[in-house]
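Engineer: Have a look; sequence and predicted model below, questions after that.
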Amino acid sequence: MIRSEVAWTPDFANLGYLAPLDGTAALKNQDDFLKQAVASTKYDGKTFAVPQVIDSMGVFYNKKMFKEAGVDAPANLDDLKTVAKKIKDKTGKTGLYLRGDDPYYFLSFLYGEGGDMVDASSKTVTIDKPEGVKAFKAVKELVDDGTAKTDASDGWENMMQAFKNGDVAMMVNGPWAVADTLTGKEFTDKDNLGVAPVPSSSAQGAPQGGHNLAVYAGSKNLEASYAFVEYMTSVDSQATAVQRAEPAAHPHLRVRQEGSGRQRDRRLLQAGRRDRRRAPLDPRGRQPLRAAARRVHQGSHRPDHAGEGRQGHR
């Protein structure tokens, strides 16, 4: 088996590494999954994986620093510029860290302005269309006027240390960063961490990613592998993962449709709330995909934001 980043699934399927799962035990209750998650498991008309976790980007912000500057979470690019400048002027700290060594961190702004990397129907590159130019110009202006900083290497480490130490007020990151962020001196009080949608002018919003479970085509234990995939993505298994996880101060998507197992899942959710003991989050802070046992951060995500396809973020 492999736990495959969503962008890897079609690549590995194309190379013949993955076993088709249609008609196997692995796809039991496939209708439970959201269509955006299922889309990442398909290649050439066949299903080669089962969704396991899903995640999306947001703006992490320092609530104390925002209060000191008298600002709220930005709603669009103009707000982002205003907020970053006020933070710089009133606190002397940098408003925003923009990771410069990984293009995935720019996609939130690109999609947020209605742009995309490619047009699949015409097979053309579209990143240089007006929407993409607007997004790039906006983030470049933030860096040029000193209200944001970026880097060309070691971006993850530089960004995380700057935010955790209180040198910057905001960063764009995903739920995999929550557990690490809360180890910073600025967040010994976990309530100081705020998370909001990435500012945008359109309804598209942030890119979405995650991981799938797939089966090696050359396995001598295919039937056992199919059964294990089904177990790992079952309602019981996913709800148990939520029950064991420490609550995290970050948004995550509603990732399992209401319907089958609804009453049962509500009971599992209630049980999970009663028993938070005490296992840490998954190291990257991701949330189980099939769990109706989930907490939705108030107003932080719009569930229809995903679908544009996903390039690997590492």
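Structural biologist: Good, I have the coordinates.
Engineer: distance of the residue sitting furthest away from the middle of the chain from Ala19?
Structural biologist: Ranked by distance from the centre of the chain (CA atoms, centre = their mean), the top residue is Lys220, with 34.3 Å. Using CB to CB, to the nearest Å, we find Lys220 at a distance of 12 Å from Ala19. Every residue, glycine included, has its C-beta placed from N, CA and C.
Engineer: From Asp154, how far out is the most centrally placed residue in the chain?
Structural biologist: Per CA atoms, centre = their mean, the C-alpha nearest to the average position across the chain is that of Ser56, at 2.2 Å. Distance from Ser56 to Asp154, counting by CB to CB: 24 Å.
Engineer: try Ser201
Structural biologist: Look at Ser201 and Asp154: by CB to CB, they are 31 Å apart.
Engineer: so which strand or helix has Val195?
Structural biologist: Val195 belongs to strand 193-196 when assigned by DSSP states H and E.
Engineer: Could you list the paired strands of that strand along with their orientation?
Structural biologist: Each strand paired with strand 193-196, and its direction, by DSSP bridges: strand 58-62 (antiparallel).
Engineer: Please write out the alpha-carbon positions of the strand it pairs with in PDB.
Structural biologist: What follows is strand 58-62, C-alpha atoms only, in PDB (Å, rounded to 0.1, in the frame of the first residue of the first chain):
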ATOM      1  CA  GLY A  58      -5.700  29.800   5.300                       C
ATOM      2  CA  VAL A  59      -4.100  32.900   6.800                       C
ATOM      3  CA  PHE A  60      -2.700  32.200  10.300                       C
ATOM      4  CA  TYR A  61      -2.500  35.400  12.300                       C
ATOM      5  CA  ASN A  62      -1.400  36.600  15.700                       C
END
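Engineer: Report the rounded mean pLDDT for the helix or strand that that strand is followed by.
Structural biologist: Where DSSP H and E defines the elements, the next helix or strand beyond strand 58-62 is helix 63-69. Across helix 63-69, pLDDT averages out at 97.
Engineer: For helix 63-69, buried residues please.
Structural biologist: By neighbour count with 16 or more other CB atoms under 10 Å, helix 63-69 contains the buried residues 63-66, 69.
Engineer: Same check on stretch 79-94?
Structural biologist: For stretch 79-94, by 16+ other CB under 10 Å, it's 80-81, 83-88, 91, 93-94.
Engineer: just to revisit the earlier point, of Ser201 and Asp154, which one has the most company?
Structural biologist: More crowded of Ser201 and Asp154, by other CB atoms under 10 Å: Ser201, with 17 against 10.
Engineer: Next one, pLDDT for the more buried one please.
Structural biologist: For Ser201, the pLDDT comes out at 81.
Engineer: these two touch, right, it and Leu77?
Structural biologist: Yes. Counting by CB atoms under 8 Å, Ser201 does reach Leu77; the two are 6.4 Å apart.
Engineer: joint contacts of those two?
Structural biologist: Shared contacts of Ser201 and Leu77 (CB atoms under 8 Å, 6 or more residues apart in numbering): 112-113.
Engineer: so where do the strands sit in the chain?
Structural biologist: For the chain, applying DSSP state E gives strands covering 2-5, 42-43, 46-47, 50-56, 58-62, 94-97, 118-119, 124-125, 148-149, 168-173, 193-196, 208-214, 287-288.
Engineer: Determine the set of other helices and strands touching the first one.
Structural biologist: The criterion is 3 or more CB pairs under 8 Å, 6 or more residues apart in numbering; DSSP states H and E, and the helices and strands that strand 2-5 contacts are strand 208-214.
Engineer: Buried residues, the strand it packs on. List them.
Structural biologist: Residues of strand 208-214 classed as buried under the neighbour-count rule (16+ other CB under 10 Å) are 208-214.
Engineer: show me the contacts for Asp119.
Structural biologist: Thr126.
Engineer: If we use 10 Å, what do you get?
Structural biologist: By CB atoms under 10 Å, 6 or more residues apart in numbering, the residues touching Asp119 are 125-126, 129.
Engineer: and what of Ser201?
Structural biologist: Neighbouring residues of Ser201 by CB under 10 Å, 6+ apart: 75-78, 109, 112-114, 131, 134-135, 138.
Engineer: how about the residues you listed in TSV, adding pLDDT, distance to Asn29 and neighbour count?
Structural biologist: Listed next are the contacts of Ser201 as TSV, based on pLDDT from 0 to 100; distance: CB to CB, whole Å; neighbours: other CB atoms under 10 Å:
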residue	pLDDT	distance to Asn29	neighbour count
Ala75	90	38	14
Asn76	89	39	15
Leu77	88	41	22
Asp78	90	45	12
Phe109	91	36	26
Gly112	89	34	27
Glu113	90	37	24
Gly114	90	35	17
Glu131	93	38	21
Lys134	92	42	17
Ala135	92	39	24
Ala138	90	43	19
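Engineer: Where does pLDDT dip in the stretch 201-314 of the chain?
Structural biologist: Residue ranges of the stretch 201-314 of the chain with pLDDT under 70: 203-205, 241-314.
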